[in-house]
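>>> Dropping the sequence and predicted coords here.
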Amino acid sequence: MDQEIKKSYDILVQGGLILYPTDTVWGIGCDATNSKAVAKIYALKNREETKSMICLVNNIKMLKQYVESIPQSAIELIQQAEKPTTIIYNNPKNLAKNLISNDNTLGVRIANNSFCNSLIDAFGKPIVSTSANISGQSTPQSFEKISEQILKGVDYIVNSHRKKKTSKPSSIIKLGTDGKVIIIRE
């Protein structure tokens, strides 16, 4: 197992926080099934627990383990998406309760990044992915712009890809119960 994957895996298993490169921006992550770890992210970001975060899975098979029902329109969106797209699903399951929104929804993205996919594959569970910033501050566009508070607040910082410029946060789409697509963020 790659050294960065191993170190990140060890922290996730212990309920710790990692700072890692995603397929969009640098993210703060933890075990998406561990309520205490999720609470640590809310505290680090000074974020109200009513403001939801997203999680990453590595394929549709894993997604099915954590979402009650995946509409056909979601599968089509995933297959057609030209950029990273987070879909808000109804009735998530088997995840930390404080990760799930009050309306019983959760944003989930199938990661399109070799590091994330390898880590999720090794870990065997979804990983929280939230931008590496204090709530209310702008999303850092490079590793160098991540605040000292975030850097000191995580248990491990992945060493790879620090020079990489990040792209924009993912698109966020919510699927209505009637199948209607609602764009939350382009």
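Arrived safely.
>>> mind checking which helix or strand residue 118 is in?
Assessed by DSSP states H and E, residue 118 sits inside helix 114-123.
>>> give me the low-pLDDT residue ranges for the chain?
The chain contains residues with pLDDT under 70 at 1, 160-171, 173, 175-186.
>>> Let me see the ranges of the helices in it.
3-13, 35-45, 60-66, 72-80, 114-123, 148-153 (DSSP state H).
>>> For the shortest one, name the packing helices and strands.
With contacts defined as 3 or more CB pairs under 8 Å, 6 or more residues apart in numbering; DSSP states H and E, the packing partners of helix 148-153 are helix 35-45. For glycine as for every other residue, the C-beta is placed from the backbone atoms N, C-alpha and C.
>>> The same query, at a cut-off of 10 Å, please.
For helix 148-153, the packing partners by 3 or more CB pairs under 10 Å, 6 or more residues apart in numbering; DSSP states H and E come out as strand 18-21, strand 26-29, helix 35-45.
>>> re earlier: need the contact partners of the helix holding residue 118.
Defining contact as CB atoms under 10 Å, 6 or more residues apart in numbering, one finds that helix 114-123 is touched by 1-2, 4-6, 8-9, 12-13, 18, 20-24, 27, 29, 31-32, 55-59, 62, 109-111, 113, 126-127, 129, 158, 160-161.
>>> Which positions in that helix come out as buried?
Within helix 114-123, the residues scored as buried using 16 or more other CB atoms under 10 Å are 115-120, 123.
>>> Using CSV, lay out the residues you listed together with distance to residue 40.
Compiled in CSV, the buried residues of helix 114-123 are given as follows (distance: CB to CB, whole Å):
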residue, distance to residue 40
115, 22
116, 20
117, 24
118, 23
119, 18
120, 19
123, 17
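>>> For the residue nearest the centre of the chain, which residues count as its bridge partners?
With distances taken as CA atoms, centre = their mean, residue 129 lies nearest the centre of the chain, 2.2 Å away. Here residue 129 sits in beta bridges with residue 54, going by DSSP bridges.
>>> Please look at it and residue 23 and confirm they touch.
Yes. Contact criterion CB atoms under 10 Å: residue 129 and residue 23 qualify, at 9.2 Å.
>>> what number of residues lie near the closest residue to residue 113 other than its chain neighbours?
In space, and not counting its chain neighbours, residue 113 is closest to residue 23: 3.7 Å by CB to CB, 6 or more residues apart in numbering. Counted with other CB atoms under 10 Å, the neighbours of residue 23 add up to 21.
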